[in-house]
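S.K.: Predicted model, plus sequence, below.
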Amino acid sequence: MERFSAVLQSVLEGKKPDREDIVTLLSARGNQVAALFRAADHVRRAGVGDAVHLRAIIEFSNYCRNNCLYCGLRRDNRRLPRYRLAEKEIMSSVDKAAAMGFRTVVLQSGEDLLYSASYIAGLVEQIKRRHGLAVTLSLGERSREEYRIWREAGADRYLLKHETADEKLYQYLKPDSSLQIRLQCLYWLKELGYQTGSGNMVGLPGQNLDSLAVDIILMRNLDVDMAGIGPFLPHPATPLKDAEPGSLELTLKILAVTRLYLPQAHLPATTALGTLAPDGRKMALSCGANVIMPNLTPAGMRDKYLIYPQKADIIEEPHQALDKIKALLAELARPVARDYGRAKIFSGGYGSHDNCKG
Ligand code: SAM
Ligand code: SF4
């Protein structure tokens, strides 16, 4: 048997990931690519079923204390008009999400310390009280104590992508942090009983198949409940403005191989993939993805949360976007999930605040 087929077979039989095997899978060509995507689709169906989870994302502040080289929200981007949503505005987007039938809201922002731990905890409590929705936070790196307060307030999940497992590249791209600090945050989140999401960008300058393989091994070792995998897209007001964007095919391959090694994780068809190619999200759903995150940020602000240009979801109204997603899912014969989309049970337990019993 040729090496690619032998490796694919061994993964399907439960062999643990090793770097060389992953590189072999990521080097798939021609028919091998189709075989890889078919296998990922099969594993997705067996691991998490056909239902697709819809999670409403609300981007409540584009202020950021950090200067990540790839991101349009970086603090040195003085061309970007900044905004912060007030509690009323955030809650009105949450009400809208609940009325539209979403079972999860994702609150995301730059690292904006003006939102104190108690302010965020108050928001989480209100969302729980008013609607009983599952709450995902994605606010970047904070202290263990802040994460604890939010978990105590009822937050169910936390999304903190590790971005790249290449330590040197990480340091270059995220000068305010280090891979070690990022991983420490991820361990805290797991310890505190969050359903924890990580993930990486694909096609960062200086990245190669070897380091992408380590991304997948890292996520498997962390036993993440979610993994956001999207292409790097250059933003004109960042130091990486002249870099090439990540490739569609390679991003889909990373997604597919991640699915093979994490059969029960939630893997979004990311907005970045939808931005890179009109059919990007459809392709992602066909090679491992089972989540879509429609944007419920108020219309006047959405175009200011510009982490990369031409973000796919800045023009459409949420109702329009939802109709399109439902049409896409109908085309793929994939139902919309009705439950809260709790990831697999893991040994850390969920404590008394887990509302995700769907
Ligand atoms: N500030 C938080 C953090 O960094 O974790 C959350 C918000 S941040 C904008 C969300 C994600 O945007 C990051 O995890 C990163 O992967 C992604 N992102 C930022 N700039 C990007 C770019 N140019 N291309 C693709 N993804 C990008
Ligand atoms: Fe800030 Fe997150 Fe953008 Fe980095 S990726 S500049 S932390 S918003």
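M.R.: Cool, got the structure. Ligands and ions are numbered 1, 2, ... in the order given.
S.K.: can you give me the strands for the stretch 201-350 of the chain?
M.R.: Ranges of strands in the stretch 201-350 of the chain, per DSSP state E, counting those that start in this stretch, are 226-231, 291-292.
S.K.: And those: which comes nearest ligand 2?
M.R.: Between ligand 2 and the strands of the stretch 201-350 of the chain, the tightest spacing by CB to the nearest ligand atom is seen for strand 226-231, at 11.9 Å. To be clear about C-beta, it is placed using only N, CA and C from the backbone, and glycine gets the same treatment.
S.K.: close to ligand 1, is the closest one?
M.R.: Yes: residues of strand 226-231 are located near ligand 1 by CB under 6 Å from any ligand atom, namely residue 230.
S.K.: picking that back up, I'd like the strands of the stretch 201-350 of the chain as a markdown table, with mean neighbour count, distance to residue 67 and mean pLDDT appended.
M.R.: What follows is the strands of the stretch 201-350 of the chain, written out as a markdown table (neighbours: other CB atoms under 10 Å; distance: least, CB to CB, whole Å; pLDDT from 0 to 100):
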| stretch | mean neighbour count | distance to residue 67 | mean pLDDT |
| --- | --- | --- | --- |
| strand 226-231 | 27 | 20 | 98 |
| strand 291-292 | 24 | 29 | 98 |
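S.K.: Include distance to ligand 2 when you put those strands into CSV, please.
M.R.: Below are the strands of the stretch 201-350 of the chain laid out as CSV (distance: least, CB to the nearest ligand atom, whole Å):
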stretch, distance to ligand 2
strand 226-231, 12
strand 291-292, 20
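S.K.: closest to residue 17 out of those strands?
M.R.: Proximity to residue 17 (CB to CB) singles out strand 226-231 among the strands of the stretch 201-350 of the chain, at 13.3 Å.
S.K.: got a list of contacts for that closest one?
M.R.: 157, 159, 161, 195-203, 219, 245-248, 250-251, 254-255, 258, 262, 265-268, 270-273, 276, 291, 343 (CB atoms under 8 Å, 6 or more residues apart in numbering).
S.K.: for it, the distance to its chain's centre please.
M.R.: 5 Å (CA atoms, centre = their mean, to the nearest Å).
S.K.: just stretch 111-130 next, same as before
M.R.: 21 Å.
S.K.: let's have the chain start at 47 instead
M.R.: That works, and once the first residue is 47, the last one we named lands at stretch 157-176.
S.K.: Buried residues of that stretch, list them for me.
M.R.: Residues 157-158, 161, 163, 166-167, 169-174 are the ones in stretch 157-176 that count as buried (16 or more other CB atoms under 10 Å).
S.K.: Then stretch 74-93?
M.R.: Buried residues in stretch 74-93 (16+ other CB under 10 Å): 74, 78, 82-83, 85-87, 89-90, 93.
S.K.: low pLDDT regions in the stretch 297-404 of the chain?
M.R.: 358, 388-404 (pLDDT under 70).
S.K.: ok, 80 please
M.R.: 356-361, 385-404 (pLDDT under 80).
S.K.: Enumerate the residues of it near ligand 1.
M.R.: 318, 353-354.
S.K.: In CSV, list these along with neighbour count and distance to residue 373.
M.R.: Output for those, formatted as CSV (neighbours: other CB atoms under 10 Å; distance: CB to CB, whole Å):
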residue, neighbour count, distance to residue 373
318, 25, 21
353, 21, 26
354, 22, 25
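S.K.: Distance to ligand 2 added to those residues, as CSV?
M.R.: Output for these, formatted as CSV (distance: CB to the nearest ligand atom, whole Å):
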residue, distance to ligand 2
318, 12
353, 6
354, 10
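S.K.: Can you tell me, leaving aside adjacent residues, what's nearest to the most centrally placed residue in the chain?
M.R.: By CA atoms, centre = their mean, the chain has its centre lying nearest to residue 274, at 2.9 Å. For residue 274, ignoring the flanking residues on the chain, the nearest one in space by CB to CB, 6 or more residues apart in numbering is residue 245 at 3.4 Å.
S.K.: same question, residue 374
M.R.: Residue 374 sits nearest to residue 328 (CB to CB, 6+ apart), 5.9 Å away.
S.K.: Helix, strand, or coil at residue 128?
M.R.: coil (DSSP: H, G, I helix; E, B strand; the rest coil).
S.K.: Run a quick neighbour tally on it.
M.R.: By the criterion of other CB atoms under 10 Å, residue 128 has 15 neighbours.
S.K.: OK, contacts around it?
M.R.: 108-109, 350.
S.K.: just curious, which of those is nearest to ligand 2?
M.R.: residue 108 (7.7 Å).
S.K.: Distance check, that closest one against residue 225.
M.R.: Separation of residue 108 from residue 225 (CB to CB, to the nearest Å): 25 Å.
S.K.: what about the two, which has more around it?
M.R.: residue 108 (23 against 19).
S.K.: could you list every residue that touches that one?
M.R.: 119, 126, 128-129, 155-156, 347, 350-352.
S.K.: Which ChimeraX command selects the buried ones in these?
M.R.: Buried residues within the contacts of residue 108, by 16+ other CB under 10 Å, are selected in ChimeraX with:
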select :119,126,129,155,156,347,350,351,352
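S.K.: In helices, which of the contacts of residue 108 fall?
M.R.: residue 347 (DSSP state H).
S.K.: Just the closest of the contacts of residue 128 to ligand 1, please.
M.R.: The shortest approach to ligand 1 among the contacts of residue 128 belongs to residue 108, at 8.5 Å (CB to the nearest ligand atom).
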